[in-house]
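Enquirer: Return a 3D structure for these sequence lines:
(one chain, ligands or ions: 1)
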Amino acid sequence: MTQELHIVGGGMAGSEAAWQAAELGVPVVIHEMRPHVGTFAHRTGDLAEMVCSNSFRSDDDERNAVGLLHWEMRAANGLLMAMAETNRLPAGGALAVDRDAFSAAVTAKLRAHPLVRVEPGEITALPEDGHWIIATGPLTSGTLAEAIRAETGAESLAFFDAIAPIVYAESVDMSVAWMQSRYDKGETAEEQTAYMNCPMTKAEYEAFIDALLAAEKTEFHEGETAGYFDGCLPIEVMAERGRETLRFGPMKPVGLTNAHDPQVKPYAVVQLRRDNKLGTLYNIVGFQTKMKYGAQAAVFKMIPGLQEASFARLGGIHRNTFLNSPTLLDDRMRLRSRPHIRFAGQVTGVEGYVESAAMGLLAGRMAAAEILGRDLPPPPADTATGALITHITGGAEAKTFQPMNVNFGLFPPIDAKGGRRGRKDRYKAYTDRAKEAFSQWLADQS
Ligand SMILES: Cc1cc2nc3c(=O)[nH]c(=O)nc-3n(C[C@H](O)[C@H](O)[C@H](O)COP(=O)(O)OP(=O)(O)OC[C@H]3O[C@@H](n4cnc5c(N)ncnc54)[C@H](O)[C@@H]3O)c2cc1C
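Expert: Below you'll find the model as predicted:
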């Protein structure tokens with residue numbers, strides 16, 4: 001008899017993982033703690049509950065990375081995309097759904113599947129044997145989180161994200177910014193020039209502080225705040241503590257010489273640090289923030305060199321349990337120290353409903369393949385699913401790892417030699433390439 005796959009958590013990732021494995025002929029048990037044990041964000045006992053927005057974001061599979069992820073999940077017999085389609089609401093180019101009908105439909109489909117069993121109850125310890133996927137999400141229950149922490153070490157499991165905005169490297173104006181590490185630190189030329197630096201005059205700094213203080217901020221959800229002040233103060237809170245605080249903190253100008261104007265000492269400097277091995281993404285160092293998204297884009301574009309910046313993701317601070325996946329997981333999503341346990345969903349350090357479901361899809365297929373005596377390699381890095389798994393299990397910088405949503409900056413650059421293409425054409429080229437590679441990856445499994 002085929003061995004069972006146990007999945008802890010029936011959220012976005014767990015539901016999709018269960019469907020994928022069951023459709024491949026593997027019996028699945030979903031362990032879901034709700035409704036007996038709740039979280040501050042979930043309201044129901046249904047599977048795949050959407051805790052906040054009712055949107056799966058852009059459905060444009062030609063020019064948008066999340067839309068491409070929709071396409072790949074549809075191509076791979078994705079349950080969540082199918083149920084989203086059935087319960088779709090008009091929302092322009094976005095895939096928005098009737099949230100209750102959507103999760104009821106996912107729940108009904110899984111409960112009706114002959115190979116799926118839902119076992120209510122909280123899992124509180126790491127399993128010793130068997131085949132397991134842990135997909136307990138950003139609000140993983142406290143006891144299980146402690147058990148994971150005991151296995152991985154305290155530094156490798158975070159309870160909050162503190163996300164600084166990430167910009168596409170190509171969108172930074174390098175006639176204003178320059179590459180240099182503070183005090184030229186580092187052994188190699190690459191290390192000595194690891195940061196992008198954006199200089200500010202006194203007037204620019206003062207205007208920036210005014211804008212920060214005036215910007216609209218997002219409130220924490222009720223029950224979300226415990227422990228958040230541990231070393232991740234939002235920049236606007238730093239600015240509230242004193243107009244000079246940032247200039248003595250993340251924006252200090254010391255140890256840096258403006259390559260474009262060496263005689264003039266900048267009054268403040270904003271530094272950007274490389275965020276992925278490809279070098280396509282840079283995060284703004286120390287700029288975690290609770291400003292609303294619209295306000296962030298406006299305020300950050302005041303930084304000289306970032307006037308035309310494109311953001312791969314904006315900043316945020318949330319209650320979020322997630323692993324340091326680049327150090328803990330292998331490329332089959334297995335915990336290196338206990339390979340019979342896979343992780344999937346937001347707890348692996350992806351961000352968002354769609355990304356979490358995509359990681360569930362992959363984990364479900366990989367676990368099923370293993371149970372059936374096969375090996376399933378991850379999809380190529382030039383697909384959306386492949387770009388995400390490559391990022392979280394190796395492409396991201398482990399030291400500064402923070403959750404990531406899907407974006408074209410994670411994809412190997414396209415058209416390195418050819419002429420300059422317009423951004424829209426380039427995105428189309430990314431999605432064309434991805435669709436071909438993903439179709440091949442699926443075909444190789446049949
Ligand atoms: C307050 C809040 C708002 C958010 N808003 C959005 C948004 O608007 N858009 C968006 O794309 N993303 C949003 N997210 C992120 C969102 O939670 C994830 O994108 C997505 O739900 C993650 O999917 P997941 O399957 O990893 O986790 P979840 O969907 O949270 O599923 C995890 C499941 O595991 C269960 N569980 C936890 N611990 C245990 C245990 N020990 N034993 C058994 N079961 C357990 C939980 O009950 C839950 O059902 C938000 C997150 C939070 C916390």
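Enquirer: Which residue would be the closest one in the stretch 101-250 of the chain to the ligand?
Expert: residue 137 (2.3 Å; CB to the nearest ligand atom). Glycine gets a C-beta too; all of them are placed from N, C-alpha and C.
Enquirer: what about stretch 145-161, how long is it end to end?
Expert: One end of stretch 145-161 sits 15 Å from the other (CA to CA, to the nearest Å).
Enquirer: one step back: can you report how many residues lie near the residue of the stretch 101-250 of the chain closest to the ligand?
Expert: By other CB atoms under 10 Å, 25 other residues sit near residue 137.
Enquirer: these two touch, right, it and residue 10?
Expert: No. Counting by CB atoms under 8 Å, residue 137 stays clear of residue 10, with 10.0 Å between them.
Enquirer: Just the pLDDT for the residue of the stretch 101-250 of the chain closest to the ligand.
Expert: pLDDT recorded at residue 137 is 98.
Enquirer: What residue in this protein comes nearest to the ligand?
Expert: The ligand sits closest to residue 11 of the chain, with a gap of 1.7 Å, by CB to the nearest ligand atom.
Enquirer: I'd like to know how many residues surround that residue.
Expert: Neighbours of residue 11 using other CB under 10 Å come to 30.
Enquirer: got it, and residue 405?
Expert: Neighbour count of residue 405, defined by other CB under 10 Å: 20.
Enquirer: In this model residue 353 seems to touch it, though I could be wrong.
Expert: No. Using CB under 8 Å, residue 405 is not in contact with residue 353, being 10.2 Å away.
Enquirer: Close to the ligand: what parts of the stretch 1-150 of the chain are there?
Expert: Contact residues, the stretch 1-150 of the chain versus the ligand (CB under 6 Å from any ligand atom): 8-14, 31-34, 39, 41-42, 51-53, 122-123, 135-141, 144.
Enquirer: at 5 Å what do you get?
Expert: Within the stretch 1-150 of the chain, the positions adjacent to the ligand are 9, 11-13, 33-34, 41, 51-53, 122-123, 136-138, 140-141, 144 by CB under 5 Å from any ligand atom.
Enquirer: re earlier: for the residue of the stretch 101-250 of the chain closest to the ligand, what are its contacts?
Expert: By CB atoms under 8 Å, 6 or more residues apart in numbering, residue 137 lies in contact with 9, 11, 12, 13, 321, 345, 346, 347, 356.
Enquirer: quick one on the thing from earlier: buried ones among the residues of the stretch 1-150 of the chain next to the ligand?
Expert: Neighbour-count burial (16 or more other CB atoms under 10 Å) applied to those gives 9, 11-13, 33-34, 41, 51, 122-123, 136-138, 140-141, 144.
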